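everything below, folded, please.
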Amino acid sequence: MRMRKCKKMNLLFKKCPVCAEGRLQIKKVEKLLHGGVHTAVVKVSAEVCTHCGERLYPPDVITRFETIRSRLKQDKLSGFRITGKTVVVA
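Here you go, the predicted model:
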């Protein structure tokens with residue numbers, strides 16, 4: 001799946017709504033999404049708290065996360081770049 005360009009984000013809050021201490025900055029972040037036996041790494045823009053690290057995602061990004069999780073659960077990987085295998089060590 002190709003990365004869509006994100007529209008210019010406007011900060012919704014001046015201070016973090018979780019810790020109320022830190023300022024929010026727009027940063028590029030990686031989000032791990034799990035669905036079924038698959039995991040995807042998605043790079044998006046998010047508002048990130050400078051104090052506690054909390055991430056706030058715009059609604060369109062959250063919708064995109066839900067779509068990707070659903071595709072992973074259904075084993076619909078066309079358009080995704082397969083980069084390797086994950087193993088579990090007991």
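
surely residue 54 touches residue 46?
No. Between residue 54 and residue 46 no contact is recorded; they are 9.5 Å apart, counting by Cβ atoms under 8 Å. For glycine as for every other residue, the C-beta is placed from the backbone atoms N, C-alpha and C.

okay, those two: which has more neighbours?
Taking neighbours as other Cβ atoms under 10 Å, residue 54 and residue 46 compare with residue 46 leading, 20 against 16.

tell me which helix or strand the more buried one sits in.
strand 38-49 (DSSP states H and E).

so what does that strand touch, helix or strand wise?
With contacts taken as 3 or more Cβ pairs under 8 Å, 6 or more residues apart in numbering; DSSP states H and E, strand 38-49 sits against strand 24-35, strand 55-56, helix 59-73.

buried deepest among those, which one?
strand 55-56 (a mean of 16; mean count of other Cβ atoms under 10 Å).

so what does it touch, helix or strand wise?
Applying 3+ Cβ pairs under 8 Å, 6+ apart, one finds that strand 55-56 contacts strand 24-35, strand 38-49.
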